[in-house]
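>>> Here is a sequence together with a model predicted from it:
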Amino acid sequence: MADLTMVVTPSGVSARSAAAAYQQTDGGGAAGPAGGAADGFGATLSRALDSAVQTGESADAQAAKAVAGSGNLTDVVAAVSQAQLALQTTVAIRDRVVEAYQEIMRMSI
């Protein structure tokens, strides 16, 4: 989930944070029109989404342990809180992507 926490700020996703996260994961190198930079950003988003899914699965596992009587309530609350944060982050990123797409579609050529 490290990729997600670098991209999200308390006020939402900022372009500066996203650029910093991108440069840290991709090495900040420029790529030609054939591709490396786009692959790096896509890979970063993919890893972030995979991390969010893993966090949700971990919360489910902790909740199942608690229901079975072998889990710790503190661990369950922490796991669910992390899963909630990961979901909120994913939704914020999705909203920003949709907003950017709509802005591009409004541009006149």
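Sure, I can see it. Since this is a predicted model, take the numbers as computed values, not measurements.

>>> For the protein, just list every one of the strands.
Taking DSSP state E, the strands of the chain run over residues 8-9, 12-13.

>>> can you tell me which of the ones you listed the model trusts least?
For the strands of the chain, mean pLDDT drops lowest on strand 8-9, to a mean of 39.

>>> Relative to I104, how far out is G40?
Counting by CB to CB, to the nearest Å, the gap from G40 to I104 is 21 Å. C-beta coordinates here come from the backbone N, C-alpha and C atoms, glycine included.

>>> Which one's more surrounded, these two?
Applying other CB atoms under 10 Å to G40 and I104 shows that G40 carries more neighbours, namely 18 against 8.

>>> any idea of the pLDDT on that one?
Note on G40: pLDDT of 79.

>>> Pull the number of nearby residues for R106.
Neighbours of R106 under the rule other CB under 10 Å: 7.
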